[in-house]
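Asks: Generate coordinates for the sequence data below:
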Amino acid sequence: MAEATMLHRSVYAIPLVGRIAREVLEGDADNKWYLAVILLTLWVFAAANWGLAAVVVPFLLLAPFCLVMLVAMTRG
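Replies: Here you go, the predicted model:
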């Protein structure tokens, strides 16, 4: 429990990220949907600005995570 409290405090200490995390975790239930819409909008704006690279990079960053998940599922 102390580790979770320390993690929450360290994340909350980051100026912009901490405020958003606190609102999503402790605020209204609709804040999760607002955050999802904001992130999707930023992704669309990035695609409009930088093109296909902004669309592909998040998927390339998720590839190692997918590999780890596949290994975890096959090991049981």
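Asks: hey, let's count contacts and neighbours off CA atoms from now on
Replies: Fine.
Asks: And the helices in this structure, which stretches?
Replies: 2-12, 15-26, 31-50, 52-75 (DSSP state H).
Asks: Those into TSV, with extra columns for mean neighbour count and mean pLDDT?
Replies: Shown next, in TSV, are these (neighbours: other C-alpha atoms under 10 Å; pLDDT from 0 to 100):
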stretch	mean neighbour count	mean pLDDT
helix 2-12	12	79
helix 15-26	14	88
helix 31-50	13	94
helix 52-75	11	94
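Asks: correct me, but residue 23 touches residue 33?
Replies: No: using C-alpha atoms under 8 Å, residue 23 makes no contact with residue 33, being 11.6 Å away.
Asks: what residues are shared contacts of those two?
Replies: Counting by C-alpha atoms under 8 Å, 6 or more residues apart in numbering, residue 23 and residue 33 have no shared contacts at all.
Asks: quick one: stretch 42-51 to chain centroid distance?
Replies: When C-alpha coordinates are averaged (C-alpha atoms, centre = their mean, to the nearest Å), stretch 42-51 and its chain have centres 17 Å apart.
Asks: can you list contacts of it?
Replies: Counting by C-alpha under 8 Å, 6+ apart, 53-55 sit against stretch 42-51.
Asks: Closest one of those residues to residue 37?
Replies: residue 55 (16.1 Å; C-alpha to C-alpha).
Asks: How about the contacts made by the closest one?
Replies: By C-alpha under 8 Å, 6+ apart, residue 55 lies in contact with 43, 46-47.
Asks: May I see those residues organised as JSON lines, with distance to residue 18 added?
Replies: Output for these, formatted as JSON lines (distance: C-alpha to C-alpha, whole Å):
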{"residue": "43", "distance to residue 18": "21"}
{"residue": "46", "distance to residue 18": "23"}
{"residue": "47", "distance to residue 18": "26"}
